[in-house]
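J.: Provided below are the primary sequence and the corresponding predicted coordinates.
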Amino acid sequence: MNKIHAIALIVFLINPLNILAELSGYPGEIYALKVENQEISSNLIIKIDGDSYELIPLPFNKQGKTIKVNDRDILIKEKDFGESRITITNTSMVNLSSEDSQRAIRESKIIKKAINTYSRDMKSDFNFIKPVKGIISSQYGKRRYINDSPRSPHLALDIAAVSGTDIVAPEKGRVILIGNFFYAGKYMIIDHGHGLLTSYSHLSMINVNENQFIEKGQKVGEVGSTGRVTGPHLHWTVYLNKIRINPESIIQDNFLQSIL
């Protein structure tokens, strides 16, 4: 065995996934996989300059592992997103009573059911706009600590703004769920088609109705501090194929071109 082969073997033994996976991306991002036959996949397919691409969400919880799509391995690289620590003085919102715990579980099932239900009569062009004018107070992927206790990672984008600030639809779609929930407060989900959905938490007011079709830029609600919060803000979540992706990615200019 020559020196070059020996080095290659050492690299493979240290991190074999990097050798085996020719495709890779970061958790929370979307990978555009070029496809020849659109009918082989149920995932969102977009066309750019005559070529078809399958949009693959990269799960946060698969860091350092590969996922298989159409017999192709995509490595999800590891990334340190930092941490976020918040203090909630109302400890009943942190250490739940049996009644509140059962309520939260019921509401989680309602939200999960909505996220699993989406239409195929709409398709986004991914020219998203920011849903509210404000300051980003917590980014996607941060390790979350509440009252110094570790919690689930923050897989959304928090945008702080004054209560009553307008929230607009970042893309056309249909409202599929409205509720007033323990954690999320006044809450809604918008279906943008083909597995792409967005949700909005802690609103002070909701200005649309369930099953209503809305246009991009249309006012859908107002910033508030309902549910479990430390102050007024919008907790904005973006789902693709039931996987929570990084909202900051899709509001950047020329998003689709950036992932090709």
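T.: Sure, I can see it. Numbers count the residues shown, from 1 in each chain.
J.: bridged to M205, which residues?
T.: Beta-bridge pairing for M205 (DSSP bridges): E222.
J.: so it touches G185, yeah?
T.: No: the pair M205 and G185 fails to qualify as a contact (CB atoms under 8 Å) at a distance of 11.2 Å. All C-beta spots, glycine's among them, are computed from the backbone N, C-alpha and C.
J.: quick one: common contacting residues for these two?
T.: Common neighbours of M205 and G185, counting by CB atoms under 8 Å, 6 or more residues apart in numbering, are G224.
J.: more crowded one of these two?
T.: Each of M205 and G185 has its neighbours counted (other CB atoms under 10 Å); G185 has more, 19 against 16.
J.: now do the strands in the stretch 51-200 of the chain.
T.: 51-57, 66-69, 72-76, 83-86, 135-138, 143-146, 149-150, 157-160, 166-168, 173-181, 185-191, 196-206 (DSSP state E, counting those that start in this stretch).
J.: just checking: what are the partner strands of the shortest one?
T.: The one in question is strand 149-150. Strand 149-150 has these strand partners (DSSP bridges): strand 143-146 (antiparallel).
J.: quick check: buried residues in the partner strand?
T.: 144, 146 (16 or more other CB atoms under 10 Å).
J.: other residues contacting that strand?
T.: 81-88, 94, 150-154.
J.: neighbour count for those residues - can I get that in a markdown table?
T.: Below are the contacts of strand 143-146 laid out as a markdown table (neighbours: other CB atoms under 10 Å):
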| residue | neighbour count |
| --- | --- |
| F81 | 18 |
| G82 | 11 |
| E83 | 13 |
| S84 | 18 |
| R85 | 11 |
| I86 | 18 |
| T87 | 10 |
| I88 | 13 |
| V94 | 14 |
| P150 | 10 |
| R151 | 13 |
| S152 | 9 |
| P153 | 19 |
| H154 | 21 |
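J.: where does the protein dip in pLDDT?
T.: 1-21, 37-42 (pLDDT under 70).
J.: so which residues of it form helices?
T.: Under the criterion DSSP state H, helices of the chain are mapped to 3-14, 16-20, 98-115, 247-250, 255-259.
J.: put the alpha carbons of the longest one into CSV.
T.: These are the backbone C-alpha positions of helix 98-115, laid out as CSV (Å, rounded to 0.1, in the frame of the first residue of the first chain):
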residue,chain,number,x,y,z
SER,A,98,-51.5,17.1,34.7
GLU,A,99,-54.4,19.0,33.2
ASP,A,100,-52.2,21.4,31.2
SER,A,101,-50.0,18.5,30.1
GLN,A,102,-53.0,16.6,28.7
ARG,A,103,-54.1,19.8,27.0
ALA,A,104,-50.7,20.2,25.4
ILE,A,105,-50.7,16.6,24.2
ARG,A,106,-54.2,17.0,22.6
GLU,A,107,-53.2,20.2,20.8
SER,A,108,-50.0,18.6,19.6
LYS,A,109,-52.0,15.9,17.9
ILE,A,110,-54.3,18.6,16.2
ILE,A,111,-51.2,20.4,14.8
LYS,A,112,-49.6,17.2,13.7
LYS,A,113,-52.7,16.2,11.8
ALA,A,114,-52.8,19.5,10.0
ILE,A,115,-49.2,19.3,9.0
